[in-house]
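> sharing a model that was predicted from the sequence below.
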Amino acid sequence: MPLAISGWKDVAASWSNVYLVKDDGDLLGFGRDDHGQLPPSGLPPIEAVAAGSEHCTALTKSGKVLAWGWGEHGNCGEPTDANGDVKGRWNEIGMDGKVEAVFAGCATSFVVTAALATHDSERG
């Protein structure tokens, strides 16, 4: 039977990294850092995290989207070095609307925003 572990709110893993979000918003990262995958220092409190192949995306408690690590294909926003990496810092990815979730995959990042539902009573 699985053991419940208190104090953690989210976990994400890639083929080379693991990320853990504590209840207080601190983000811990373990694994490789050759592309800057490990969390940079000074991050604001994190609500959720997603692990890409060699990058990370995070949703802050204030609703902002952050990304760092291997970003050659734009998956971390604007790269900060000639190799396409975002190392030692993060990029804030501006989004329209309230961000609900972040996801990441192989050289990809995804953000889900809240949809505004409208109803046209003339058309059912």
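Noted; the coordinates are in hand. Numbers count the residues shown, from 1 in each chain.

> I'd like the mean pLDDT over the strand ranked longest in the chain, please.
Looking across the chain with DSSP state E, the single longest strand is strand 85-93. The average pLDDT within strand 85-93 is 91.

> chain center to that strand: distance?
Counting by Cα atoms, centre = their mean, to the nearest Å, strand 85-93 is centred 11 Å from the centre of its parent chain.

> nearest to the spatial middle of this protein, which residue is it?
Geometric centre of the chain, nearest residue: T57, 1.8 Å, by Cα atoms, centre = their mean.

> rewinding a little: what comes up buried for the longest strand of the chain?
85-87, 90-91, 93 (16 or more other Cβ atoms under 10 Å). Every residue, glycine included, has its C-beta placed from N, CA and C.

> quick one: which of those is nearest G63?
Distances from G63 to the buried residues of strand 85-93, taken as Cβ to Cβ, are shortest for I93 (11.8 Å).

> so what's the residue count around L3?
The number of residues packed near L3 is 4, by other Cβ atoms under 10 Å.

> again, but for S41
7.

> now swap in H35 and tell me
With other Cβ under 10 Å as criterion, H35 counts 23.
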